[in-house]
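Participant: coords please:
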Amino acid sequence: MTDYTEFLLSKRLMVERHGPNIEPGAVHPMLFPFQRDLVAWAVRKGRAALFADTGLGKTLMQLEWAEVLR
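Facilitator: Coordinates of the predicted model:
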């Protein structure tokens, strides 16, 4: 069983972070908690896409993402 587990672990992709860690208060408080989490995640990744459904505030999240990185 360990051979198969090792095989699976060798196939796992690890994406490096390319962005800075930000403080929780760095994201505008106007955003909902899930939006703040998504913005913080995208900033940490540095290269990300936010595939949120219609009406979930993608534009606000993208603007805040750009503002935090400025």
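
Participant: ok, now how distant is residue 26 from residue 59?
Facilitator: Distance, residue 26 to residue 59, by C-beta to C-beta, to the nearest Å: 19 Å. (C-beta placed from N, C-alpha, C; glycine too.)

Participant: go on, residue 3?
Facilitator: 49 Å.

Participant: mind listing what residue 2 touches?
Facilitator: Contacts for residue 2 (C-beta atoms under 8 Å, 6 or more residues apart in numbering) come out as none.

Participant: For residue 14, see how far away it is.
Facilitator: Taking C-beta to C-beta, one finds residue 2 at 20 Å from residue 14.

Participant: what about residue 36, how many neighbours?
Facilitator: As a burial measure, residue 36 scores 19 neighbours (other C-beta atoms under 10 Å).

Participant: Can you report phi and psi for it?
Facilitator: Dihedral angles of residue 36 (phi, psi; degrees, to the nearest 10) stand at phi -60, psi -40.

Participant: Verify the stated contact: it with residue 26.
Facilitator: No. If you go by C-beta atoms under 8 Å, residue 36 and residue 26 don't touch, sitting 9.4 Å apart.

Participant: neighbour count winner among residue 26 and residue 59?
Facilitator: residue 26 (15 against 9).
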